[in-house]
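A.B. asks: show me how the following folds:
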Amino acid sequence: MGKFRLVNIVSLFLLLLLCMTGFINWLALPRGYGATQGLLLSLRHFLLGVHQWSATLFVITIAIHITFHWGYIRANLKKKGLKG
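C.D. replies: The predicted structure is shown next:
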């Protein structure tokens, strides 16, 4: 049960990080290459990098999550009459 809980906690953390960096970049930080907004623009580029890496790690943890639950998925597909 420990590995399931760890994957769930990591995926939740990454999802929250994705949401936070996405909303900050979308709503709070300036777009473009304005010379007057050096620090905020640097922060935007840093958060975009964090957002992209956390998205990659989130996809990997979801793939691991599905792999751990594959037996359950197959059993339910067989129960519904679908191949699994």
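
A.B. asks: how about the nearest residue to V10 once chain neighbours are set aside, what does it touch?
C.D. replies: Nearest non-adjacent residue to V10, counting by C-beta to C-beta, 6 or more residues apart in numbering: T61, 5.3 Å away. C-beta: built from backbone N, CA, C; applies to glycine. T61 is in contact with 7, 10-11, 14, counting by C-beta atoms under 8 Å, 6 or more residues apart in numbering.

A.B. asks: again, only using 10 Å
C.D. replies: Shown in contact with T61 (C-beta atoms under 10 Å, 6 or more residues apart in numbering): 6-15.

A.B. asks: from these, which is closest to W70?
C.D. replies: Closest to W70 out of these is V7 (13.1 Å), distances taken as C-beta to C-beta.

A.B. asks: I'd like the average pLDDT over the strand or helix carrying the closest one.
C.D. replies: Using DSSP states H and E, the element containing V7 is helix 2-23. Taken as a whole, helix 2-23 has an average pLDDT of 94.

A.B. asks: skip ahead from that helix and say which helix or strand is next.
C.D. replies: helix 38-68.

A.B. asks: for the helix or strand following that next one, what is the average pLDDT?
C.D. replies: Next helix or strand after helix 38-68 toward the C-terminus (DSSP H and E): helix 70-79. On average, the pLDDT along helix 70-79 is 90.

A.B. asks: now the angle from helix 70-79 to helix 38-68?
C.D. replies: Interaxial angle, helix 70-79 versus helix 38-68 (axes from the mean of the first three to the mean of the last three C-alpha atoms, to 10 degrees): 60 degrees.

A.B. asks: elements contacting helix 70-79?
C.D. replies: In terms of contacts (3 or more C-beta pairs under 10 Å, 6 or more residues apart in numbering; DSSP states H and E), helix 70-79 is packed against helix 38-68.

A.B. asks: chain center to the helix it packs on: distance?
C.D. replies: Its chain's average C-alpha position is 6 Å from that of helix 38-68, according to C-alpha atoms, centre = their mean, to the nearest Å.

A.B. asks: alright, I will stop here.
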